[in-house]
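In: return atomic coordinates for the entry below.
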Amino acid sequence: MSLDGKRVLVVGGSSGIGFGAAQAALAARADLTIVSRSSEKVDRAVSRLGGGVAGAVLDTADEQGVETFFASVAPFDHVVVSAARTKIAAVRELPLDDAYRSMNSKFWGAYRVARKARIADHGSLTLISGTLSIRPRKGAALQSAINAAVEGLTRGLALEFAPVRVNCVSPGLVMTEMYEGLEGDARKSMFEGAAERLPAGQIGAPAHIAVQIMACMTNPYMTGATIYVDGGGAIA
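Out: All right, here's what the predicted structure looks like:
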């Protein structure tokens, strides 16, 4: 149940939840590689992480790029897929092209990685969904559907890929860079209001989600599971 010396890949490891997972894996002495679409973000993240971390540019929407990347590297012990770029809007307001791109990024991106990644027996693949899968809200039907699809994919892959273990972590509201576009007061108000509604009484941080991602990697008795780490948002 140790990551010491294990080869760990975090797809989308340059920011947000992925960066939190990368920090946790590195602290556990993993042999860490992070990939992301942006070379600038990868370089910045590798610099912040330090410690001999490897970084590469990879766009999960690029089928050939995904195939080429995994053909060029040794098998990993654990793979985490956190990369996604989606737009949230009501079905009748969101242009179809944006809807297709959102599904292509989060669901098909994870699918492409799962299809081509070489993972050692008894290693793991961990996907990231979101609690909108079980607690939808008005104006986010597509995101709910994408997250539910990722969770369904997890269960199917756990059967197909055994003895590689496949799990999914489903976070609620997490304070990441994706909210930096909001004005300071609007962001502060949103987070404070959400914290008041949550049974946990606080907003999530990438480190909170990383704790569960680490469990998915290191617990040999866990596969086919979706774990909700949402401060109680699914029951509030």
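In: show me the shaky parts of the chain.
Out: 178-184 (pLDDT under 70).
In: for it, just list every one of the helices.
Out: In the chain, the helices defined using DSSP state H lie at 16-27, 39-49, 63-71, 96-103, 109-116, 141-161, 184-197, 206-218.
In: how close does the residue nearest to residue 228 when sequence neighbours are not counted sit to residue 154?
Out: Nearest non-adjacent residue to residue 228, counting by Cβ to Cβ, 6 or more residues apart in numbering: residue 170, 4.8 Å away. Every C-beta, even on glycine, is put in place using the N, C-alpha and C of the backbone. When distance is defined by Cβ to Cβ, to the nearest Å, residue 170 is 10 Å away from residue 154.
In: closest to residue 82 out of the helices of the chain?
Out: Evaluated over those, closeness to residue 82 peaks at helix 16-27, with 3.5 Å, by Cβ to Cβ.
In: quick one: that closest one to helix 206-218, angle?
Out: 60 degrees (axes from the mean of the first three to the mean of the last three Cα atoms, to 10 degrees).
In: buried ones in helix 16-27?
Out: Within helix 16-27, the residues that qualify as buried are 16-26, counting by 16 or more other Cβ atoms under 10 Å.
In: residues in contact with the longest strand anywhere in the chain?
Out: Identified as the longest strand of the chain according to DSSP state E is strand 119-128. With Cβ atoms under 8 Å, 6 or more residues apart in numbering as the test, strand 119-128 has contacts from 6-7, 17, 75-82, 84, 110, 114, 117, 150, 153-154, 157, 161, 163-171, 209, 213, 216-217, 220, 223.
In: dump the C-alpha coordinates for stretch 60-75 into PDB.
Out: C-alpha atoms of stretch 60-75 as PDB (Å, rounded to 0.1, in the frame of the first residue of the first chain):
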ATOM      1  CA  THR A  60      -6.500  14.100 -24.200                       C
ATOM      2  CA  ALA A  61      -8.700  15.300 -27.100                       C
ATOM      3  CA  ASP A  62      -5.900  14.400 -29.500                       C
ATOM      4  CA  GLU A  63      -6.300  10.700 -30.200                       C
ATOM      5  CA  GLN A  64      -3.000  10.300 -32.100                       C
ATOM      6  CA  GLY A  65      -1.200  12.300 -29.400                       C
ATOM      7  CA  VAL A  66      -2.500  10.100 -26.700                       C
ATOM      8  CA  GLU A  67      -1.500   6.900 -28.600                       C
ATOM      9  CA  THR A  68       2.000   8.300 -29.300                       C
ATOM     10  CA  PHE A  69       2.600   9.400 -25.700                       C
ATOM     11  CA  PHE A  70       1.800   6.000 -24.200                       C
ATOM     12  CA  ALA A  71       3.800   4.200 -26.900                       C
ATOM     13  CA  SER A  72       6.800   6.200 -25.900                       C
ATOM     14  CA  VAL A  73       6.900   5.700 -22.200                       C
ATOM     15  CA  ALA A  74       7.200   2.700 -19.900                       C
ATOM     16  CA  PRO A  75       4.100   1.300 -18.200                       C
END
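In: one step back: quick check: of the buried residues of helix 16-27, which lies closest to residue 70?
Out: Closest to residue 70, out of all of the buried residues of helix 16-27 and judged by Cβ to Cβ, is residue 18, at 17.5 Å.
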